[in-house]
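Colleague: I would like to see how this sequence folds:
(2 chains)
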2 protein chains.
Amino acid sequence: MQALKERIQNEGKNLGGGILKVDSFINHQVDPQLMYLCGRELARRFKYVGATKVLTAEISGIAPALTTALHLGLPVVYARKHKPITMPDQIYLTLSPSHTKGGTVELIVSPEYLSGGERVLIIDDFLATGATILGLVRLAHTAGSEVVGIGTLIEKVFEGGRQNLSRLLNIPVESLACITSMDNGQIVFAD
Amino acid sequence: MQALKERIQNEGKNLGGGILKVDSFINHQVDPQLMYLCGRELARRFKYVGATKVLTAEISGIAPALTTALHLGLPVVYARKHKPITMPDQIYLTLSPSHTKGGTVELIVSPEYLSGGERVLIIDDFLATGATILGLVRLAHTAGSEVVGIGTLIEKVFEGGRQNLSRLLNIPVESLACITSMDNGQIVFAD
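Modeller: Got it, this is the predicted structure:
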């Protein structure tokens, strides 16, 4: 998506080690208009998959998941990383390696809002190694739901997430901006 | 706002101890259409304050802040509770007592996205004791910005947040659903 790519080119910062800082419009400050357009585009790409629910992970997945779900007319569930007191004792929980913090984080969903028979569209800000998204896939499968699509704003192609997701046969994976290299301080897009 | 009140009445759960569970449409599962309407209404109420930025706290503030900011055409900054590696060393940090977790949580904003001279509209999901919102006010003031409005989805009037905020003279406080009592398992609205 051209508007997103331009924004990354203009404001994204390559911090080295494969870390892309997009804190001025996605990860700390958020541009709602851009998120609205990204959500509209993701909704367009996934309108044929028959999703019944959008699933994401707090925190940075919430904005793109919300705007995608708004355009698809679906509810969003965001997996929590800490169990709030409002959640029942019986939960779905998986561990996911944390790309930016080291160690693992918990991803928790209440069975109240992810039950069997849902057709789940997973939306997140980044596709890097795919670890978080595979965690969300495990949660959906544990709940007895099917994953029908995976969409992200930014894919760091060189981190191999798409290959790691390829074991999930026949699930479309869409990213709005694909970065093929961040070597030598550059940010190189796929096309 | 009638649509929000009806949703609370139909789906909200009074867990006792003043805890209102609205996990089916705000705090775990989110209804994007309802959030869009709430954001539109908050934007309508604050359109005259001349805000230049919306400020909220992760996690549950993000959805209403995003939709409010979308309607006002403003960027959103969400205060982080953990410093990400993309943030510079020099930050604005305040401690806020956690209503639902006990102890305190950190609220962190990067000076890159909250600088002096901004007119800040604070949006959050709940106004309870006002502790989190007062934390956001401290961050804004530390950055040299002015707070020009405070808006929330749900106000628990009996927890006194509005009085605690009243020391901030002349700042309008708006809540879309005001709950005056949760005694005896009920959820009683102000009007």
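
Colleague: what packs against the longest strand belonging to chain A?
Modeller: The residue-count maximum for a strand in chain A (DSSP state E) belongs to strand A:146-156. Judged by 3 or more Cβ pairs under 8 Å, 6 or more residues apart in numbering or on different chains; DSSP states H and E, the packing partners of strand A:146-156 are helix A:2-11, helix A:32-46, helix A:62-72, strand A:119-127, helix A:131-142, helix A:161-165, strand A:173-181. No exception for glycine: its C-beta is placed from N, CA and C like everyone else's.

Colleague: so residue A:159 makes contact with residue A:18?
Modeller: Yes - at 6.3 Å, residue A:159 counts as touching residue A:18 under the criterion of Cβ atoms under 8 Å.

Colleague: Tell me which residue is most central in chain A.
Modeller: In chain A, the C-alpha nearest the mean C-alpha coordinate belongs to residue A:124, at 1.3 Å (Cα atoms, centre = their mean).

Colleague: and the closest residue to that residue other than its chain neighbours, how many neighbours does it have?
Modeller: Sequence neighbours aside, residue A:61 is the residue nearest to residue A:124 in space, at 4.3 Å (criterion: Cβ to Cβ, 6 or more residues apart in numbering or on different chains). Number of residues near residue A:61 (other Cβ atoms under 10 Å in any protein chain shown) recorded here: 25.

Colleague: Could you check how far residue A:61 is from residue A:44?
Modeller: 19 Å (Cβ to Cβ, to the nearest Å).

Colleague: Ok, residue A:53 next?
Modeller: 18 Å.

Colleague: cool, residue A:144 as well?
Modeller: 29 Å.

Colleague: Below-threshold pLDDT in chain A: ranges please.
Modeller: Residues of chain A meeting the criterion pLDDT under 70: A:99-101.

Colleague: quick one on the thing from earlier: list the pairing partners of the longest strand of chain A within its sheet, with orientation.
Modeller: Here strand A:146-156 is paired, per DSSP bridges, with strand A:119-127 (parallel), strand A:173-181 (parallel).

Colleague: relative to helix A:32-46, how tilted is it?
Modeller: 130 degrees (axes from the mean of the first three to the mean of the last three Cα atoms, to 10 degrees).

Colleague: CA atoms only: put strand A:146-156 into PDB for me.
Modeller: C-alpha atoms of strand A:146-156 as PDB (Å, rounded to 0.1, in the frame of the first residue of the first chain):
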ATOM      1  CA  GLU A 146     -10.300 -22.100  12.000                       C
ATOM      2  CA  VAL A 147      -7.900 -19.500  10.800                       C
ATOM      3  CA  VAL A 148      -8.900 -18.100   7.500                       C
ATOM      4  CA  GLY A 149      -6.500 -15.300   6.900                       C
ATOM      5  CA  ILE A 150      -3.500 -13.500   8.300                       C
ATOM      6  CA  GLY A 151      -2.900  -9.800   7.600                       C
ATOM      7  CA  THR A 152      -0.200  -7.400   8.800                       C
ATOM      8  CA  LEU A 153       0.800  -3.800   8.100                       C
ATOM      9  CA  ILE A 154       4.500  -4.400   7.700                       C
ATOM     10  CA  GLU A 155       6.300  -7.600   6.800                       C
ATOM     11  CA  LYS A 156      10.000  -8.000   7.400                       C
END
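
Colleague: relative to helix A:62-72, how tilted is it?
Modeller: Using the same axes, to 10 degrees: strand A:146-156 against helix A:62-72 is 130 degrees.

Colleague: what's the spacing between strand A:146-156 and its chain's center?
Modeller: Chain-centre distance of strand A:146-156: 6 Å, with Cα atoms, centre = their mean, to the nearest Å.

Colleague: Also stretch A:177-191?
Modeller: 19 Å.

Colleague: what about residue A:96, how many neighbours?
Modeller: Residue A:96 has 20 nearby residues by other Cβ under 10 Å.

Colleague: Same question for residue A:71.
Modeller: Neighbours of residue A:71 (other Cβ under 10 Å): 17.

Colleague: and residue A:177, how far is that from residue A:141?
Modeller: For residue A:177 relative to residue A:141 (Cβ to Cβ), the value is 28 Å.

Colleague: Looking at these two, which is more packed in?
Modeller: residue A:177 (24 against 15).

Colleague: what is that one paired to in the beta sheet?
Modeller: Bridge pairing for residue A:177 - DSSP bridges - gives residue A:154.

Colleague: Just to check, it is in contact with residue A:3?
Modeller: No - the pair residue A:177 and residue A:3 does not pass the contact test of Cβ under 8 Å, sitting 9.6 Å apart.

Colleague: And stretch A:140-153, end to end?
Modeller: In stretch A:140-153, first residue to last residue: 21 Å (Cα to Cα, to the nearest Å).

Colleague: from the middle of its chain, how far away would it be?
Modeller: Going by Cα atoms, centre = their mean, the spacing between the C-alpha centre of stretch A:140-153 and its chain's C-alpha centre is 11 Å.

Colleague: May I see the buried residues of it?
Modeller: A:140, A:143, A:145-153 (16 or more other Cβ atoms under 10 Å in any protein chain shown).

Colleague: which of the residues you listed sit farthest apart?
Modeller: Spatial extent of the buried residues of stretch A:140-153 (Cβ to Cβ) is set by the pair A:143 and A:153 at 24.9 Å.

Colleague: residues in contact with residue A:65?
Modeller: A:54-56, A:76, A:78, A:123-124 (Cβ atoms under 8 Å, 6 or more residues apart in numbering or on different chains).

Colleague: The residue nearest to it when sequence neighbours are not counted sits in which helix or strand?
Modeller: Leaving aside its sequence neighbours, residue A:65 sits nearest to residue A:56 (Cβ to Cβ, 6+ apart; 3.6 Å). Element membership for residue A:56 (DSSP states H and E) is strand A:53-57.

Colleague: Please state the offset of that strand from the chain centre?
Modeller: 8 Å.

Colleague: what are the pairing partners of that strand, and which direction each?
Modeller: Assessed with DSSP bridges, strand A:53-57 is paired to strand A:76-79 (parallel), strand A:119-127 (parallel).
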